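Novice: Pasting the sequence and the predicted model now:
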Amino acid sequence: LQNYTMKVVANCFDNTHGLDFGNMRVQELPIELIPHRIEPVYEINQLKQEVIDEMFAGKYDGISSVEWTDKPYRSYFGAFFFNDAHIVINCVLNSPDVPREVVKFVLYHELLHRDYHSHGKDFRSKEALFPGYEEHAAFLHTMGDDMDIKGW
């Protein structure tokens, strides 16, 4: 299941088609491919603080901001921008049909990138510490398959 995580959560960007997103190009996800409600229910900074409290004993400096994407996109659930320590989370996850802990898992993954630039062994060991790690990774993998999203 750890192998899925890289495919599921990692920044697997399609740079050939789509919209500009910061310094990357990603493809917008057509609404008709999303089988669940896109209905904002989560306040992203509140979730970030919950992850910091639960996984980092309440302190995790160096993250400039966290926000939802303006539209659903293909190829990633979250992205960490190393140039300014900014995190974006795909708004396709901001739904009552996506468990809160799954969104927090994606946030945790992206927060780890502050200290780890790749998905190496140390990164994977830290990532697996998130409670319910395998269940959340499996949910994301299934969700990507349900939307016929390649690379998730």
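Specialist: Ah, there it is.

Novice: CA-only coordinates of stretch 109-123, as CSV, when you get a sec.
Specialist: The C-alpha coordinates for stretch 109-123 follow below in CSV (Å, rounded to 0.1, in the frame of the first residue of the first chain):
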residue,chain,number,x,y,z
HIS,A,109,1.8,14.5,3.7
GLU,A,110,2.3,18.0,2.4
LEU,A,111,3.5,19.4,5.7
LEU,A,112,6.2,16.7,5.8
HIS,A,113,7.6,18.2,2.6
ARG,A,114,8.9,21.1,4.6
ASP,A,115,11.7,18.8,5.7
TYR,A,116,11.7,16.2,3.0
HIS,A,117,12.0,17.1,-0.7
SER,A,118,11.4,13.6,-2.0
HIS,A,119,9.4,10.6,-1.1
GLY,A,120,12.4,8.6,0.2
LYS,A,121,12.5,6.0,3.0
ASP,A,122,12.6,8.6,5.8
PHE,A,123,9.7,10.5,4.3
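
Novice: Which of the residues in it are classified as buried?
Specialist: By 16 or more other C-beta atoms under 10 Å, the buried positions in stretch 109-123 come out as 109-113, 119, 123. For every residue, glycine as well, the C-beta is placed using N, CA and C.

Novice: roughly how far is it from the heart of the chain?
Specialist: How far stretch 109-123 lies from its chain's middle: 13 Å, per C-alpha atoms, centre = their mean, to the nearest Å.

Novice: follow-up on the earlier one: if we only consider the buried residues of stretch 109-123, which is nearest to residue 89?
Specialist: Distance to residue 89 across those (C-beta to C-beta) is lowest for residue 110, with 7.3 Å.

Novice: roughly how far apart are the closest one and residue 39?
Specialist: 22 Å (C-beta to C-beta, to the nearest Å).

Novice: just the helices in this protein please.
Specialist: Using DSSP state H, the helices of the chain run over 2-9, 44-55, 100-112, 121-127, 133-146.
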